[in-house]
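> The following block contains a protein sequence and its predicted model.
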Amino acid sequence: MEKIIIKTEKRKSFLFIAKESFKLGWQFQRKHFVWFVVLALLSGSFAFLQFGSFSILVNAVVNYLKTSTDSHLTFFEVVHLFRKTFLLLIAAYLIPTIVAQWQSNENTVFSERFLSSMSNYFTVKQSTLDIATIESADYQNKIQQGNEWGRSSITALLNSTVLSLSSLVAVIVSATALAFIDIRFVLLAIASAVPLYFIEEKFDRELFRVRRLSTGDKRVISNRMAIFMSPVSLIEVVMYGSAKKYQDEVKNLMEEEDVKISKIKLRQTSWQNVARVYAVGCMLIVGILIVLKGANGQMPIGLMVFAFSVYTSFFASATSLFGYLAFSLDSARYAQIWLDIFATQPKIVSKDNAVFLSIDISPKIEFKNVSFAYEGSETNALTNINVVIEPGAKVGIVGLSGAGKTTFIKLLCRIYDPSEGQILVNGIDLKDIDVKNWQQILGVMQQNYGNYNVPISESVAIGDFSKPIDNDKVKWAIEMAGAKQFVEKLPDQYEQLIWKGFKNGTDLSGGERQRLAIARIFYRGAAISILDEPTSSVDALTASMIFENLETKTANKTVLLISHNFSTVKESTNILVIEHGEVIEQGTHDELYILKGRYAELYELQAKSFNDKTGSVKV
C-alpha cells in the first residue's frame, strides 16, 4: 500500500483534519471518492428543478384557462397540449433521481472500501511502530478511543463534508432564485436555520467531552468484560463467587456515562424543539408575504407555488448544510484520534547510513555502564550494567521477580534504548545498527508469548516467513521442542487447526502451546535466541530435554535464557544474577556456587524446597 505520512502540526484545526481526511480518501479509494464528490455537487444544483418545472406547468394551466373556454379536456388532449412542460417535469424529476441513486451507490462502495483500506493501513502502521511506543499509556488510550468510536469516524467526516458542499450548492442556487423574488425570503430562511446549527454544534461538543473524559473508564470496562469472554477467567470468577463484583463495576461505570449522556441529549432535544417552533414561525411569515403578493396581483399563482417551494427547499438545504457542518465538526473530533494514530512515529528508528550485520553469525555483545529508567519513573530499572556475551555463548539470567531481567532483554532487543551507557555489538553501538537487520538476528520467545489460531505448521513457521514453509524443518523444530508426541496424536497432525472456534479445530493446553512457541525458536534458527521463562508450563522431563537441545542443537548460536528454575541454567557458559536492577554476580554455575554468594543461597533454597517435596537426594 502507498505510504501515507500525516503531519502533526495544527492538527486540531477542523480544516487541517478535513484536509488530511480528504487526502486519505484520495489515496485509498481515489476513483470512487472523486465520483462521490462530483455527483454530490451535481445533486445540489438540482435543488429546485422539480418545484420550478411544476410551477411552469401551473402557470401554463392558468394561462390556458384565461384564453380557452373548453373545460372538458381528455387525458390525451392534456398530454398533447402541455407536452413540453410535462417533458420538462419528467426530466426535472428523473435526472436528479438517477444522479442521487448513482451518488448513493458510489458513496456506499466508497465507504465500504475506504473502511477496508483503513483497517489494512492500520495493520501496516502497527507493524512499523516499536514496542515502547505501542506499550505507552497515551498510545493505548488513543487505540481505545479509536476502537470505541470506530474507524468510520473519518468516513463520516468525509461523507458529511461532501454532503455539506452539496447542500451549500443547493443553498446558493435556491438563495439566488429567492433573491430575485424577494430578498426578505432569503434572510428569513437563514434566520430560521442558523439556530439549529449552533444547538447541534454545542451539544455535540459536550457529548465528545464526556466520551473522551471517560476513556480510562472504557478501558476498565473492556478489561472487565474480557473476564467474561475468556473461559479460563470466567470459570475462575464463577467458582470463587467473584463475578458479581466485576458485573457491578461494569454496570456502575456504564451507568455513570449513560446518565451524563442522557442529560445532554434531553437538553439537546428541548432546544431543538424550540428551534423548530421558531423555524415554523419564520415559514408562516414567508407564507403570509407570498399570499399578500398574490392577493394584490403582484405574483402569479405559478410563481407563488414556486416561491414557497423554493423557500422550503432553501430551508431544508440550509438546515441540512448546518446539520452536516455540525456533524462534520463532531466527526472531526473523533477522526482526529485516528489521524493521531496514523501520525504516530516510532521512537526506535534506524539512522541514516545504518550498519548492517550478517544475520547468520553470532556477534559479540557488550553492555558498557548501561542504566535505564522507564518513562515517568524516578528510579532506574537497571543500573550500571557491565556484561560481555561472547559469540555462541549460552547465558542464563536469574533473579527474583522484578529484578530487571526482562528489562535487560528489552534493551538487548532494542525495544528501548539505554538512558545511560552503550550496548556494543562487535564494537558497534546498537543504535548505529539497522533496526530491521538487528531484528533478523534475533529469535525471541517472550514470557507472554503469542498464541495463533492457525494450523500448527504455520504457527511454528511464524518464526521465519521470509521463505516458504519448510515442512521438514517444522517437524524437526517440533521434535526439538518436545511437541512431536502430542502433535502426531491430533487428527490432522501438523496441519491441525488450533482453536475450537474453527470447524474441526482443537484447543491445546498451556504446556502444548508453550512447546509450539519454543518450536518457533528452533525453526527460526536465529544467531541470537532469547527465551523468557520458556518452560513454565512444561513438565520437568520435557523441560530437561528442551534445554539439552538448546545447548547441543544450537552450536555457534548465542542463547539467552531467563528462568526462575536454577536447575535449567546450570549448564550455561555464563550466568548473570540480577538483583534490584544490578548484575551482582556472574560466572559459571561452579564459580558462583563456590563463591557462596546470592546465587548459591538461592540455588540452595530452591534445591532444598525440591528435595523436601520429593524426598530425593540433592546432587
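Right, received. Where do you want to start?
> the bottom helix or strand of the protein by mean pLDDT?
One helix or strand of the chain scores below all others by mean pLDDT, DSSP states H and E: helix 231-240, with a mean of 63.
> after that helix, next one along is what?
Per DSSP states H and E, the first helix or strand lying C-terminal to helix 231-240 is helix 243-295.
> how far does that following helix sit from the chain's center?
Distance, stretch centre to chain centre, for helix 243-295: 32 Å (Cα atoms, centre = their mean, to the nearest Å).
> With stretch 177-187 instead?
49 Å.
> Identify all contacting residues around that stretch.
Applying Cβ atoms under 8 Å, 6 or more residues apart in numbering, the contact partners of stretch 177-187 are 48, 52, 175, 189, 286, 289, 293, 299, 303, 306-307, 310-311, 314. (Each C-beta comes from the backbone N, C-alpha and C, glycine too.)
> Over to stretch 321-330?
14, 18, 156-157, 160-161, 163-164, 167-168, 170-171, 193-194, 196-197, 200-201, 204-205, 207-208.
> And the residues you listed, which of them are buried?
Buried members of the contacts of stretch 321-330, counted by 16 or more other Cβ atoms under 10 Å: 14, 18, 156-157, 160-161, 163-164, 167-168, 170-171, 193, 196-197, 200-201, 204, 207-208.
> between the host helix or strand of Phe327 and helix 243-295, how big is the angle?
Phe327 belongs to helix 301-343 when assigned by DSSP H and E. In terms of direction (axes from the mean of the first three to the mean of the last three Cα atoms, to 10 degrees), helix 301-343 departs from helix 243-295 by 150 degrees.
> what is the mean pLDDT for helix 301-343?
In this model, helix 301-343 has a mean pLDDT of 78.
> before we move on, the earlier item: let's have the contacts of stretch 177-187 in JSON lines, adding neighbour count.
As requested, the contacts of stretch 177-187 are exported to JSON lines (neighbours: other Cβ atoms under 10 Å):
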{"residue": "Phe48", "neighbour count": "24"}
{"residue": "Gly52", "neighbour count": "20"}
{"residue": "Ala175", "neighbour count": "21"}
{"residue": "Ala189", "neighbour count": "28"}
{"residue": "Val286", "neighbour count": "22"}
{"residue": "Leu289", "neighbour count": "19"}
{"residue": "Lys293", "neighbour count": "17"}
{"residue": "Met299", "neighbour count": "20"}
{"residue": "Leu303", "neighbour count": "18"}
{"residue": "Phe306", "neighbour count": "25"}
{"residue": "Ala307", "neighbour count": "25"}
{"residue": "Val310", "neighbour count": "26"}
{"residue": "Tyr311", "neighbour count": "28"}
{"residue": "Phe314", "neighbour count": "29"}
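> Between all of these, which two are separated the most?
Gly52 and Leu289 (19.5 Å; Cβ to Cβ).
> Distance-wise, check the residue nearest to Pro391 when sequence neighbours are not counted relative to Ile528.
Leaving out its chain neighbours, the residue that sits closest to Pro391 by Cβ to Cβ, 6 or more residues apart in numbering is Ser362, at 4.2 Å. Noted for Ser362: a distance of 6 Å to Ile528, by Cβ to Cβ, to the nearest Å.
> Could you export stretch 537-554 as CSV, CA atoms only?
Below are the C-alpha coordinates for stretch 537-554, written out as CSV (Å, rounded to 0.1, in the frame of the first residue of the first chain):
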residue,chain,number,x,y,z
SER,A,537,4.1,-24.8,31.8
VAL,A,538,6.1,-27.8,30.8
ASP,A,539,6.9,-30.9,32.9
ALA,A,540,10.4,-31.4,34.3
LEU,A,541,11.3,-34.3,31.9
THR,A,542,10.3,-32.4,28.8
ALA,A,543,12.0,-29.2,30.1
SER,A,544,15.3,-31.0,30.6
MET,A,545,15.1,-32.4,27.1
ILE,A,546,14.4,-29.0,25.6
PHE,A,547,17.3,-27.3,27.4
GLU,A,548,19.6,-30.1,26.3
ASN,A,549,18.5,-29.5,22.7
LEU,A,550,19.0,-25.7,23.1
GLU,A,551,22.6,-26.4,24.2
THR,A,552,23.5,-29.1,21.7
LYS,A,553,21.5,-28.2,18.6
THR,A,554,22.4,-24.5,18.5
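> who touches that stretch?
394, 480-482, 509-511, 513-515, 518, 522, 525, 529, 531, 534-535, 559, 561, 565, 568, 571.
> Write a ChimeraX command that selects only the buried members of those.
Command for ChimeraX that selects the buried part of these, burial taken from 16+ other Cβ under 10 Å:
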select :394,480,481,482,511,513,514,515,518,522,525,529,531,534,535,559,561,565,568
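> So which of the contacts of stretch 537-554 belong to helices?
Secondary structure assignment (DSSP state H) places 480, 510-511, 513-515, 518, 522 from the contacts of stretch 537-554 within helices.
> Any chance of JSON lines for those, columns pLDDT and distance to Gln272?
Shown next, in JSON lines, are the ones in helices among the contacts of stretch 537-554 (pLDDT from 0 to 100; distance: Cβ to Cβ, whole Å):
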{"residue": "Met480", "pLDDT": "85", "distance to Gln272": "69"}
{"residue": "Gly510", "pLDDT": "77", "distance to Gln272": "56"}
{"residue": "Gly511", "pLDDT": "78", "distance to Gln272": "61"}
{"residue": "Arg513", "pLDDT": "81", "distance to Gln272": "55"}
{"residue": "Gln514", "pLDDT": "81", "distance to Gln272": "58"}
{"residue": "Arg515", "pLDDT": "83", "distance to Gln272": "62"}
{"residue": "Ile518", "pLDDT": "84", "distance to Gln272": "62"}
{"residue": "Phe522", "pLDDT": "86", "distance to Gln272": "66"}
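> Put together CSV for these, with distance to Phe486 on each row.
Listed next are these as CSV, based on distance: Cβ to Cβ, whole Å:
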residue, distance to Phe486
Met480, 14
Gly510, 13
Gly511, 9
Arg513, 11
Gln514, 12
Arg515, 8
Ile518, 13
Phe522, 16
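> of those, closest to Leu24?
Nearest to Leu24 among those, with distances taken as Cβ to Cβ, is Arg513, at 38.3 Å.
> where do the helices sit along the stretch 1-150 of the chain?
Ranges of helices within the stretch 1-150 of the chain are 14-28, 30-44, 49-67, 75-81, 83-128, 131-135, 137-149, based on DSSP state H, counting those that start in this stretch.
> what's the closest of those to Gly421?
Going by Cβ to Cβ, the one of the helices of the stretch 1-150 of the chain nearest Gly421 is helix 131-135, 17.5 Å.
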